[in-house]
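Chemist: output the structure for:
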Amino acid sequence: MIDVKHLKTIATLKETGSLVNTARELFLTQSALSHQIKDLENKLDCQLFERKTQPVRFTPQGMLLLELANEVLPRVEATKCRLKESLNQPISQLRLSVECHACFHWLLPTIKEFNNFWPDIKVDYERGFSYDAIPDLLSDELDLVLTSDIREPDKLEYAHLFDFKLKLIVAPDHELAKKAYVTALDLKNETIISYPIPRERQDIFKHFIQNARFDGTLKTVDQGLLIFQLVSAGMGVAALPDWLVTPYESQGLIKSIPLGALGLTRPMYLAMKKNMKDNPVYRHFLNTCKLNNGR
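Modeler: Okay, here's the model as predicted:
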């Protein structure tokens with residue numbers, strides 16, 4: 001009754017947020033997509049999502065089907081990969097580095113999930129964080145790099161994983177906590193707490209403060225937990241991805257504020273050599289990262 005194509009449609013609808021984008025992603029006409037969904041709803045005798053919502057809002061029944069899709073589709077992909085593996089040179093390890101400290105929050109569970117399907121392939125992330133790992137990828141010292149910045153696009157493949165919001169976090173009683181959003185001028189005299197990354201590579205300076213005057217202080221610390229503790233104590237502000245901010249804000253420890261009226265959205269890519277983009281092992285790691293989606 002429920003085919004893999006139905007699960008893929010539901011998962012794509014969740015990822016793209018609209019029927020138009022889903023049809024484009026699946027190479028279907030909108031009419032064919034609508035017919036497929038209506039046929040599935042008739043078979044299941046339930047409505048899967050609310051019409052005319054943007055992004056698409058799933059019904060409880062639709063969420064159940066989405067959970068099934070998230071469970072089944074990676075297994076289908078893994079089986080396809082294993083079937084094709086005999087046609088490719090065996091891979092014993094993936095050497096990985098990240099240019100995003102906060103990524104470890106979701107990356108480690110992703111690696112564990114990947115290894116459930118590929119127990120004989122070691123994901124070597126001993127190099128951990130590097131603010132500039134692309135040269136090592138180009139020199140074959142790495143296989144994969146998680147990054148938000150595209151460099152050397154003629155030599156490397158950048159697979160888009162997801163987009164995320166960068167949020168400013170402040171103490172609940174900070175003077176900026178009541179603002180609907182902050183401007184670069186609001187940060188002019190603030191102490192900005194960050195991971196130990198050169199200022200010119202930090203998103204808040206590259207894509208938000210930019211050429212605006214900054215007379216404040218940049219304080220670097222190694223651990224994300226310490227950043228939250230310092231911000232909560234009123235010792236500075238910080239800019240962090242939304243997936244890392246949400247748990248602490250829900251506890252009332254900090255307040256998050258959009259950077260600018262529209263917020264600051266940044267992409268996350270998985271970089272690799274161009275000749276590896278169709279390798280089944282690489283593709284499965286890529287798909288596993290997409291399914292985790294920074295959660």
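Chemist: how about the helices in the stretch 51-200 of the chain?
Modeler: Counting by DSSP state H, counting those that start in this stretch, the stretch 51-200 of the chain has helices at residues 60-85, 104-117, 134-138.
Chemist: now those helices in JSON lines, with distance to Gly234?
Modeler: All C-beta spots, glycine's among them, are computed from the backbone N, C-alpha and C. Formatted as JSON lines, the helices of the stretch 51-200 of the chain follow (distance: least, C-beta to C-beta, whole Å):
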{"stretch": "helix 60-85", "distance to Gly234": "39"}
{"stretch": "helix 104-117", "distance to Gly234": "24"}
{"stretch": "helix 134-138", "distance to Gly234": "37"}
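Chemist: tell me the neighbouring strands of the longest strand anywhere in the chain, and mark each as parallel or antiparallel.
Modeler: If you go by DSSP state E, the chain has its longest strand at strand 156-170. Sheet partners assigned to strand 156-170 using DSSP bridges are listed as strand 238-241 (antiparallel), strand 255-258 (antiparallel), strand 264-273 (antiparallel).
Chemist: can you list these in a markdown table and add distance to Val4 and mean neighbour count?
Modeler: Shown next, in a markdown table, are the strands paired with strand 156-170 (distance: least, C-beta to C-beta, whole Å; neighbours: other C-beta atoms under 10 Å):
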| stretch | distance to Val4 | mean neighbour count |
| --- | --- | --- |
| strand 238-241 | 32 | 25 |
| strand 255-258 | 38 | 19 |
| strand 264-273 | 24 | 18 |
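Chemist: looking at these, which is nearest to Gly128?
Modeler: strand 264-273 (16.2 Å; C-beta to C-beta).
Chemist: got a list of contacts for the closest one?
Modeler: 100, 103, 134, 137, 143-148, 150, 155-166, 203-204, 207-208, 239, 241, 258, 282, 285-286, 289, 294 (C-beta atoms under 8 Å, 6 or more residues apart in numbering).
Chemist: roughly how far is it from the heart of the chain?
Modeler: 8 Å (C-alpha atoms, centre = their mean, to the nearest Å).
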